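1. What shape does this take:
(4 chains)
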Protein chains: 2
Amino acid sequence: MTRLRSPPPPEPLRAHRALAADVAGAEPLPEAGCADCAACAAGALSIYAPTLAHAPEKLRVLRQRKRRFGPHQVIARHSDPADFVYTLETGWAYRVVQFPDGRRQILSFLLPGDTIAAEAICAADYSAPYTVRALTHATACGFRPHQLRELVFACETQRDHFTRYLLEQRAYAERRITDFGRRRALGSLAHLLVELFTALRARGLAQDNAADFPPRQEDLADALGLTTAHVNRTLLTLRRRGLVSIQNGKLRVHDLAGLRKTAVDN
Amino acid sequence: MTRLRSPPPPEPLRAHRALAADVAGAEPLPEAGCADCAACAAGALSIYAPTLAHAPEKLRVLRQRKRRFGPHQVIARHSDPADFVYTLETGWAYRVVQFPDGRRQILSFLLPGDTIAAEAICAADYSAPYTVRALTHATACGFRPHQLRELVFACETQRDHFTRYLLEQRAYAERRITDFGRRRALGSLAHLLVELFTALRARGLAQDNAADFPPRQEDLADALGLTTAHVNRTLLTLRRRGLVSIQNGKLRVHDLAGLRKTAVDN
DNA sequence: CGACGAATTGATTGCAGTCAAGCGACGTGG
DNA sequence: CCACGTCGCTTGACTGCAATCAATTCGTCG
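-> Purely as a prediction, here's the structure:
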């Protein structure tokens, strides 16, 4: 739940997890590169997908290192100018704003193909107003910002692809805003699950109507501005209505249309 | 308040205003261009500010028409591909998502210098998932998307300026998300007022600690996901604490630091 | 099996929504 | 010039969703 309002904040929640992650985060393990960027499923959904399609050799040269992160390990820290821009290759991550009193707000979940620290592409001195952490074990391909910067603006197709990515990010954030502002818990949870499931399916990470789903109820709560207790109740409502269920780290969508309808009606 | 949940929705609120605006919106009045783009205060804050500084003549050629909009008139409609990209020159506007049942969510307020329908620059077929309306009487400079597109990517400085604008938009939206998710009414209202006042001051639209402030309490409510009644109560609290007051369309910030503190603490 | 993290459930509280009424400023038309 | 209507702001009474606090159960993994 991570709300923690009234009394002087005790230990931030999950201090142990977070601390361990921070320490480990200092030195992520380097690893051998993958065989072929052109065959990379994550790359096909990345900000450089057009280049990958037409000139995959450009990327093989650029990629600096592949890194492996453990659950809750920091990938990019709030207000640190990023040395690397990453493409998430496997696993989940999330962007989060942490409050001094222990509250936290998850801005979005990141899936394979998503870019981490994209602001470094646009301006070397830009520091992100959020932290990125791995949600599960994850691997990511690191690039030097200035090189990716050249690549991403190299041709018109690639440049448009990238700017559309930025616009889509704004649009996503603003869908969350409408969820928060004018929807109830049931509606915004349904909406979030629809978006996540759709994204997973687009990446080939869903089998039929099911997909691996690592976020805990606490993570959903911190993304939706609710408490774990209430996420739990709301999730049960959705399950009882036969729309979705999340169990044992598996998301099962039994009625996507119904879930969409629940999202807009609540 | 525009929440309208339980009974079958009656007339959408402000039907008269909205309708009148829609009709009038079909034919905004053209008007003579302004004397000098280089001297334009709005331009200096726009997405093409760098070009304006170095080669103002490029813009004089591009500008197609200046338009005038009345309060609540539609400037760009949801899911209509935009013929024009506008720079707001005078007055306020807002981006809004309207629900079928009358609820609405204001995504952001637009001030002089802000861009309207920027997505048309990135992709001709892109249609915005929101509607833009004038809040007050407003004037805007219209440009053909493909021409602005060339201009905006013409040189590296200008291109970086534009992509940073897009990133800043996402960051703004995500500040609203943290407001919604992890702040109470008092905190998010304070935060919004801080941001608006800061923006007004940056544009030279504030005299000392005061500025014209056209949004109604209903508009603030629809931006914050609250009801007018509650915005009123919250505003009174802020006023009683000697932080800000909004009266007769004037915003007065009596204690900016205190307001900022209220924003982060609540 | 025991321990820990996560999910579930319940009791209570409080912030904000809803509904309704009243006030003041302003503009318009008889 | 005043009556009236409109619009936005203010206030109060009541309600309800979700937060908070607190157990308890479930699952997984040493």
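
2. contacts, neighbours, all on C-alpha from now
-> OK.

3. average pLDDT across the host helix or strand of residue A:258?
-> According to DSSP states H and E, residue A:258 maps onto helix A:256-265. In this model, helix A:256-265 has a mean pLDDT of 93.

4. Let's see that helix as CSV, backbone CA atoms only.
-> Extracted C-alpha coordinates of helix A:256-265, given in CSV (Å, rounded to 0.1, in the frame of the first residue of the first chain):
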residue,chain,number,x,y,z
LEU,A,256,-11.7,-8.7,-22.7
ALA,A,257,-14.7,-6.9,-24.1
GLY,A,258,-16.4,-6.9,-20.7
LEU,A,259,-13.2,-5.7,-19.1
ARG,A,260,-13.1,-2.8,-21.6
LYS,A,261,-16.7,-2.0,-20.8
THR,A,262,-16.1,-2.0,-17.1
ALA,A,263,-13.2,0.4,-17.7
VAL,A,264,-15.3,3.0,-19.5
ASP,A,265,-18.3,2.7,-17.3
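
5. for that helix, packing partners?
-> Secondary-structure packing of helix A:256-265 (3 or more CA pairs under 8 Å, 6 or more residues apart in numbering or on different chains; DSSP states H and E): helix A:185-202.

6. Give me the sheet partners of the helix or strand following the helix it packs on and which way each runs.
-> Later in the chain than helix A:185-202, the nearest helix or strand by DSSP H and E is strand A:206-207. Using DSSP bridges, the strands paired with strand A:206-207 are strand A:210-212 (antiparallel).

7. tell me how far the strand it pairs with is from the chain's mean position?
-> The chain centre lies 16 Å from the centre of strand A:210-212; the measure is CA atoms, centre = their mean, to the nearest Å.

8. what does the stretch 101-250 of chain A put close to DNA strand D?
-> A:184-186, A:225-231, A:248 (CA under 7 Å from any atom of the strand).

9. Narrow these to those in strands?
-> In strands, judged by DSSP state E, none of these are found.

10. near chain B, from these?
-> With CA under 8 Å from any CA of the partner chain as the criterion, these include A:225-226 near chain B.

11. Can you sort out which of the residues of the stretch 101-250 of chain A next to DNA strand D also neighbour DNA strand C?
-> A:228-230.

12. The helix holding residue A:258 and DNA strand D in contact?
-> No - using CA under 7 Å from any atom of the strand, helix A:256-265 stays clear of DNA strand D, coming no nearer than 12.1 Å.

13. Give the buried residues for that helix.
-> Within helix A:256-265, the residues that count as buried by 16 or more other CA atoms under 10 Å in any protein chain shown are A:256, A:258-260, A:262-264.

14. Can you pull the domain assignment for chain A?
-> A:15-171, A:184-265 (automatic domain parsing).

15. so how far is the shortest one off the chain centroid?
-> Between the centre of domain A:184-265 and the centre of its chain there are 15 Å (CA atoms, centre = their mean).

16. Quote the end-to-end distance of that domain.
-> 9 Å (CA to CA, to the nearest Å).

17. Point me to the residue of the stretch 101-250 of chain A nearest DNA strand D.
-> residue A:226 (3.1 Å; CA to the nearest atom of the strand).

18. Just to check, that residue is in contact with residue B:181?
-> Yes - counting by CA atoms under 8 Å, residue B:181 is a contact partner of residue A:226 at 7.3 Å.

19. of those two, who's got more company?
-> The neighbour comparison of residue A:226 against residue B:181 (other CA atoms under 10 Å in any protein chain shown) goes to residue B:181, with 26 against 22.

20. quick check, distance from the helix or strand encompassing the more buried one to the centre of its chain.
-> For residue B:181, the host element (DSSP H and E) is helix B:156-182. Put simply, helix B:156-182 sits 14 Å off its chain's centre (CA atoms, centre = their mean).

21. Same question for stretch A:254-266.
-> Its chain's average C-alpha position is 23 Å from that of stretch A:254-266, according to CA atoms, centre = their mean.

22. Check the residues of the stretch 101-250 of chain A next to DNA strand D for burial and list the buried ones.
-> A:185-186, A:225-228, A:230-231.

23. so where do the strands sit in the stretch 1-150 of chain A?
-> Using DSSP state E, counting those that start in this stretch, the strands of the stretch 1-150 of chain A run over A:29-31, A:65-69, A:74-76, A:85-90, A:93-98, A:104-110, A:115-116, A:131-134, A:138-143.
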